[in-house]
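**Q** Have a look at this prediction, sequence included:
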2 protein chains.
Amino acid sequence: MSILVVGTVAFDHVKTPFDERANILAGAATYFAIAASFFTQVSIVGIVGNDFTAEHERIFDARGIDLSGLERRKDGKSFRWTGEYGYDFNTRTTLDTQLNVFADFQPRISPAQQEIPYLFLGNAHPSLQRDVRQQSRARLTAMDTMDFWIQGTPNELRETLRCVDLLIINDEEARQLARDPNVIRAAKAIMALGPKRLIIKRGEYGATLFGEDSFFAIPGFPQENVVDPTGAGDTFAGGVMGYLAATGSRLDEDSLRKAMIYGSVMASFTIEAFGTERLLALTREEINERYRQFKTMTYFDGIEHSF
Amino acid sequence: MSILVVGTVAFDHVKTPFDERANILAGAATYFAIAASFFTQVSIVGIVGNDFTAEHERIFDARGIDLSGLERRKDGKSFRWTGEYGYDFNTRTTLDTQLNVFADFQPRISPAQQEIPYLFLGNAHPSLQRDVRQQSRARLTAMDTMDFWIQGTPNELRETLRCVDLLIINDEEARQLARDPNVIRAAKAIMALGPKRLIIKRGEYGATLFGEDSFFAIPGFPQENVVDPTGAGDTFAGGVMGYLAATGSRLDEDSLRKAMIYGSVMASFTIEAFGTERLLALTREEINERYRQFKTMTYFDGIEHSF
């Protein structure tokens, strides 16, 4: 089954301790869609400006990604972000954010897109996310958010959380949203706000999946070669939703667990190069090989010792 | 087989955001020995002062722990530490450290103790650790260390690392020891210094095991009820070594993986109460039950999807 993703198609300027790149094709919808395109058909709803060229379009075309819902504006530039990473890649500072044409984006979903069964609401104003959710007849909706909305628009965010199935956020966001430093308690509090399932991304430490009575955790892939962590979270979400959609799964535990491994596998590749460079060069065999590595690196004998 | 542990038997004063306790029987050797005593026979080599009473001795006796190597001094107090935890338990501030009788501790290992096959060198001056290592004829030696020695006595530490099989340290210590912010690269650099295996403890994020060509990671036990994290690391080491000794294992991958689960299980109990309170009330069935929970919370279907 196919996926609709709503979010930014943007250009990033990224500074790392070792290198720097400008005008990287990026944004949540871009990373998500390219990752998910390895699993199923993806349609993007978003907006770009006059800096989005035929060359950029070809990148999506090559992955079979439907851009019919991508609004093109001639009177402005695309969303632009400039950021810098600290020497261990664990700290990120935003140097500049330009909303540009994204500032007054009002997504309209076509009748065909309304029927797409899997929906991902990329990080955006929660009212915009909810508006899209209400236009869609998706059978499974996941969303992301960030500290800016948790602090700035808490009421709107709560309303949006009530109408999604799966929330995918990071560690700090979870603690902040629940106002509880204990992630396990925070997860329970967040699920009480609406989402039936919660995935917490923990960067190099992996990710955890919470259900009403279940807990699942995976480590991060042991990555020596971090070039640019930008987009890892959206790539992760793309892998998760891509697997769920490809298998027609809803929220059953087995599928969600496998989906998280695929999400982690995809994210582990994204950070090996700037932007979507590594993802675009990826093969299905590389994905499967890393999936098997996740099994190897988490396996232990489950029979306890009788002592 | 049995274990010899060298380290502090101490008294802690712990302040948490919710409570405070003074004169807690603590120290690396205490936590380690009590945890390991659930698996096998343990002997402590250490030193205590006149504040160590018959009541404290009974705690070790009840767990069958041999204190014949515990030196008693009448002319001073035991090692004492006062610390305070931040509101999320992720930050810890040392308010006071009194070495007391530990200051001029010169451990002598009896002929019988020299033959004990498993040796754990608790956190101490690396020269003291090495001295004990050289007195012992253990077939497997593990050790801990901390930032204080990594920064203060780097050369002595390197000499000690050359004569141990397994190093068990935390995340920050690993980065610091290898002078590399990437933990995966750091692990390789550390193993090049001597230890054939390295376990990195990552607090609520779990732990990772490194070998020359292997990587294994486990999550932290999802703990809502953190009362006092003190001693979790030493308890973890006690569970790891306890399992290895009980099964007569050396450094084979399967045993080390199971040992890490037992280490995590034991540590997850320690933090549920102040000091060794929870450990002392623990049953074998509780340990096995939590071991099974680790299997449940890390299992996923290893067969990749053909898409």
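**A** Cool, the structure landed.
**Q** what ranges do the strands span in the stretch 1-150 of chain A?
**A** Using DSSP state E, counting those that start in this stretch, the strands of the stretch 1-150 of chain A run over A:3-6, A:10-15, A:20-26, A:42-48, A:66-72, A:79-85, A:92-98, A:118-121, A:140-143.
**Q** For the ones you listed, please prepare JSON lines with the additional fields mean neighbour count.
**A** Every C-beta, even on glycine, is put in place using the N, C-alpha and C of the backbone. Formatted as JSON lines, the strands of the stretch 1-150 of chain A follow (neighbours: other Cβ atoms under 10 Å in any protein chain shown):
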{"stretch": "strand A:3-6", "mean neighbour count": "29"}
{"stretch": "strand A:10-15", "mean neighbour count": "22"}
{"stretch": "strand A:20-26", "mean neighbour count": "17"}
{"stretch": "strand A:42-48", "mean neighbour count": "27"}
{"stretch": "strand A:66-72", "mean neighbour count": "17"}
{"stretch": "strand A:79-85", "mean neighbour count": "19"}
{"stretch": "strand A:92-98", "mean neighbour count": "12"}
{"stretch": "strand A:118-121", "mean neighbour count": "29"}
{"stretch": "strand A:140-143", "mean neighbour count": "24"}
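**Q** Could you point out which of the ones you listed sits nearest chain B?
**A** strand A:79-85 (10.9 Å; Cβ to the nearest Cβ).
**Q** The closest one near chain B anywhere?
**A** No. For a cut-off given as Cβ under 8 Å from any Cβ of the partner chain, strand A:79-85 has no contacts with chain B; the smallest distance is 10.9 Å.
**Q** measure the nearest residue to residue A:120 once chain neighbours are set aside to residue A:154 for me?
**A** Distances taken as Cβ to Cβ, 6 or more residues apart in numbering or on different chains place residue A:5 nearest to residue A:120, at 4.5 Å, with adjacent residues excluded. Note on residue A:5: its distance to residue A:154, by Cβ to Cβ, to the nearest Å, is 25 Å.
**Q** what ranges do the helices span in chain A?
**A** Under the criterion DSSP state H, chain A contains helices at A:28-36, A:54-62, A:111-114, A:126-135, A:147-152, A:154-161, A:171-178, A:183-191, A:232-246, A:253-270, A:277-280, A:284-298.
**Q** which of these sits most buried?
**A** helix A:28-36 (a mean of 31; mean count of other Cβ atoms under 10 Å in any protein chain shown).
**Q** now that one against strand A:42-48, angle please.
**A** 160 degrees (axes from the mean of the first three to the mean of the last three Cα atoms, to 10 degrees).
**Q** and the angle from helix A:28-36 to strand A:20-26?
**A** 70 degrees.
**Q** Give the rounded mean pLDDT of helix A:28-36.
**A** Mean per-residue pLDDT for helix A:28-36: 98.
**Q** distance between that helix and the chain's centre?
**A** 7 Å (Cα atoms, centre = their mean, to the nearest Å).
**Q** what packs against that helix?
**A** Judged by 3 or more Cβ pairs under 8 Å, 6 or more residues apart in numbering or on different chains; DSSP states H and E, the packing partners of helix A:28-36 are strand A:3-6, strand A:42-48, helix A:54-62, helix A:232-246, helix A:253-270, helix A:277-280.
**Q** From the contact counts, what lies against the fifth one?
**A** The one in question is helix A:253-270. helix A:28-36, strand A:197-201, strand A:207-210, strand A:215-218, helix A:232-246, helix A:277-280, helix A:284-298.
**Q** how about the residues of the stretch 1-150 of chain A that lie near chain B?
**A** For the stretch 1-150 of chain A, the residues in contact with chain B (Cβ under 8 Å from any Cβ) are A:38-40, A:87-90.
**Q** any idea which residue sits dead centre in chain A?
**A** Nearest to the geometric centre of chain A sits residue A:234, at 2.3 Å (Cα atoms, centre = their mean).
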